[in-house]
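Q: Here is a sequence with its predicted model. Questions after.
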Amino acid sequence: MKRLLYVNSCIERGTSRTCRLADALITELRMRGEYDVEELILEDEQLVPMNGSDITRRSACISSGDLSGPEFRYARQLRDADLIVTAAPFWDGSFPSMFKCWLERVCVNGLTFRYSENGVPIGMCNADQCWYVTTVGGYLRDGNLGMDNVRFVLGDLCGIKDCRYIDAQGLDIIGNDPGKIMDDAVASISEKI
């Protein structure tokens with residue numbers, strides 16, 4: 001059975017619109033393939049930004065080739081998964097900081113990517129596809145910075161070539177019907193897969 005890694009960075013998961021959209025996507029993906037879902041709930045992981053001593057220790061491990069430590073758990077999960085679904089609400093221009101902390105921890109030279117002789121990153125992840133799921137109270141104007149980050153880290157660095165996203169926008173605009181917006185976003189999933 002294939003492994004689907006679900007990286008959940010939603011807050012208030014019981015009422016989260018982003019979780020609802022991600023759950024609908026995962027349901028549809030499971031209907032189209034046999035996946036064992038491994039959910040990583042970032043809120044429960046208590047991730048904090050890496051500090052100088054974290055970076056020094058990680059660099060020493062990378063230099064020695066010892067990538068077996070617990071600090072590389074997230075990178076190993078990402079590398080070994082066959083399909084990735086990330087869920088992050090749109091906050092303050094991109095996504096919750098815990099998702100950025102996760103992205104920092106999965107960028108491991110020698111585990112999720114390596115550099116060619118010319119300095120070009122070569123991805124080492126098994127997954128062919130990654131999804132970024134988000135919901136937005138307003139409207140994204142000139143792009144989706146969250147998706148841009150995901151596409152760079154998971155796509156360009158880690159080698160997951162097919163990075164896609166699903167969103168629902170305008171959910172908090174007075175006069176909009178958030179229920180209908182969400183229903184339409186869920187209904188659109190089958191067309192986007």
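A: Received it, and whenever you're ready, just let me know what you need.

Q: For stretch 105-118, the averaged confidence score.
A: In this model, stretch 105-118 has an average pLDDT of 96.

Q: Quick one: end-to-end distance for it.
A: The first and last residues of stretch 105-118 sit 24 Å apart, counting by CA to CA, to the nearest Å.

Q: Who are the packing partners of the helix or strand of the chain with the lowest mean pLDDT?
A: Confidence across the helices and strands of the chain bottoms out at helix 145-150, with a mean of 91, counting by mean pLDDT, DSSP states H and E. In this structure, helix 145-150 makes packing contacts with helix 97-106, strand 129-135, strand 162-168, judged by 3 or more CB pairs under 8 Å, 6 or more residues apart in numbering; DSSP states H and E. The way it works is simple: take the backbone N, C-alpha and C, and place the C-beta from them, glycine included.

Q: Flag every buried residue along the second one.
A: Along strand 129-135, these residues count as buried under the neighbour rule (16 or more other CB atoms under 10 Å): 130-135.

Q: what helices or strands is that strand leaning on?
A: Under the contact criterion of 3+ CB pairs under 8 Å, 6+ apart, strand 129-135 touches helix 17-32, strand 83-87, helix 145-150, strand 162-168.

Q: I'd like the buried residues of strand 129-135 as a markdown table, with pLDDT and distance to E38 appended.
A: A markdown table is the format used below for the buried residues of strand 129-135 (pLDDT from 0 to 100; distance: CB to CB, whole Å):
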| residue | pLDDT | distance to E38 |
| --- | --- | --- |
| C130 | 97 | 15 |
| W131 | 98 | 15 |
| Y132 | 97 | 18 |
| V133 | 97 | 16 |
| T134 | 96 | 21 |
| T135 | 97 | 23 |
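
Q: Give the full set of residues in contact with the residue positioned nearest the centre of the chain.
A: Compute the mean C-alpha point of the chain, and by CA atoms, centre = their mean the closest residue is T86, 3.2 Å away. T86 makes contacts with 6-7, 9, 99, 130-133, 150, 154, as judged by CB atoms under 8 Å, 6 or more residues apart in numbering.

Q: from these, which is closest to S64?
A: Nearest to S64, judged by CB to CB, of these is L154 at 25.9 Å.

Q: The buried residues of strand 129-135: which two are farthest apart?
A: Distances among the buried residues of strand 129-135 were taken as CB to CB; the most separated pair is C130 and T135, at 18.0 Å.

Q: where are the low-confidence patches of this structure?
A: Applying pLDDT under 70 to the chain flags no residue at all.
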